[in-house]
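> show me the folded form of this:
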Amino acid sequence: MLVFTVFVILLTLTVANDKRLTIFLIKNREDWILDIVGLWFQGIIIPVFQITLVYQLYKFLLPNFQDILKPHFLVGFVISFVCVDYLYYWNHRLFHSKWLWSIHQVHHTITSMDVLGTSRNTLWTSFFIIYLWIHSLFIYLLQDPSWYILGISLTSALDLWRHSKFSPQPQSFLYQWLSPWLILPSDHAWHHGSESVHVNYGANLKIWDRLHGTYHTSEQAPCSLGIQSNFSLIQKLLSPF
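Modelled structure (predicted):
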């Protein structure tokens, strides 16, 4: 519910702040299909896959481990929001390696920060993202996964916000409070910059990029976003090679 609410709010703000709907008019038919299919696949198909097949897989492989972890509720949240976030940082860096860049590059074809483009990807990229496998595992292992799931929801909501253009102004209190530790839309814009895709890999927390030397300051917006691609729509969706 949190994720859907944030999506609706960001979409409403996008329309309200762009009376001429420029951000939508610059999308061609292919971009619209990629974005809508991506949101549908990642927002509906993958969660259903997680709570049915992947969860049942762990039940089959680890029959004696269900509900075995009984940590304090805050520990469950920290595992989800902090520890898994660190694993995702390396997962994301691996997507930028020569081995996996092919299946990630479609995500970098977005040319403007736009919540609708959050899930633009080659469809089966989701199977290489650790969220699919590790979230189902912890939900299976934790006796009470409610705070772990809260961390998942917050991470997903931040993912939508991170791909929007609504970043707090540098002079604002919100920016001064969030900027030292949280990846903001202005930080993630540099990750989608045409000339700077190998920076700011983090999802939630900025510390991982600072720790590993991949953080790029975001005092100014990148000149342009997106990479060029000559792939057809079918190639982008299924076979970007």
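> give the contact list for residue 99.
Under the criterion of Cβ atoms under 8 Å, 6 or more residues apart in numbering, residue 99 has no neighbours. Every C-beta, even on glycine, is put in place using the N, C-alpha and C of the backbone.
> kindly export stretch 1-10 (C-alpha atoms) in CSV.
The C-alpha coordinates for stretch 1-10 follow below in CSV (Å, rounded to 0.1, in the frame of the first residue of the first chain):
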residue,chain,number,x,y,z
MET,A,1,0.0,0.0,0.0
LEU,A,2,2.9,2.4,0.9
VAL,A,3,4.5,1.8,-2.5
PHE,A,4,1.3,2.3,-4.5
THR,A,5,0.5,5.5,-2.5
VAL,A,6,3.9,6.9,-3.2
PHE,A,7,3.6,6.0,-6.9
VAL,A,8,0.2,7.8,-7.1
ILE,A,9,1.6,10.9,-5.2
LEU,A,10,4.7,11.2,-7.5
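> pull out the buried positions in it.
3, 6-7, 9-10 (16 or more other Cβ atoms under 10 Å).
> same thing with stretch 40-56?
Here stretch 40-56 shows 41-43, 46-47, 49-50, 54-55 as buried, counting by 16+ other Cβ under 10 Å.
> and what of stretch 149-168?
Within stretch 149-168, the residues that count as buried by 16+ other Cβ under 10 Å are 149-165, 167-168.
> please apply the same query to stretch 212-230.
The neighbour-count check on stretch 212-230 (16+ other Cβ under 10 Å) flags 214-215, 218, 222, 225-227 as buried.
> any idea which of those the model trusts least?
Checked by pLDDT, the buried residues of stretch 212-230 have residue 218 as the lowest-scoring entry (67).
> picking that back up, nearest to residue 105, of the buried residues of stretch 212-230?
For the buried residues of stretch 212-230, the residue nearest residue 105 by Cβ to Cβ is residue 227; the value is 6.6 Å.
> quick one, what contacts the closest one?
Taking Cβ under 8 Å, 6+ apart, we find residue 227 in contact with 105, 108-109, 194, 197.
> run the last query once more with 6 Å
Listed by Cβ atoms under 6 Å, 6 or more residues apart in numbering, the contact partners of residue 227 are residue 108.
> part of a strand, is it?
No. Going by DSSP: H, G, I helix; E, B strand; the rest coil, the assignment for residue 227 is coil, not a strand.
> following the longest helix seen in the chain, which helix or strand shows up next?
Using DSSP state H, we find that the single longest helix of the chain is helix 146-162. Past helix 146-162, further along toward the C-terminus, the next helix or strand under DSSP states H and E is helix 173-178.
> looking at this structure, which residue lies furthest from center?
Distance from the C-alpha centroid of the chain, by Cα atoms, centre = their mean, peaks at residue 64 (32.4 Å).
> secondary structure of that residue: a strand, I assume?
No. The assignment for residue 64, made by three-state DSSP, is coil rather than a strand.
> give me the distance between it and residue 79.
21 Å (Cβ to Cβ, to the nearest Å).
> for the strand or helix carrying residue 57, packing partners?
Element membership of residue 57 [criterion: DSSP H and E] is helix 55-61. Judged by 3 or more Cβ pairs under 6 Å, 6 or more residues apart in numbering; DSSP states H and E, the packing partners of helix 55-61 are helix 130-141.
> list the buried ones in the helix it packs on?
For helix 130-141, by 16+ other Cβ under 10 Å, it's 131-132, 134-141.
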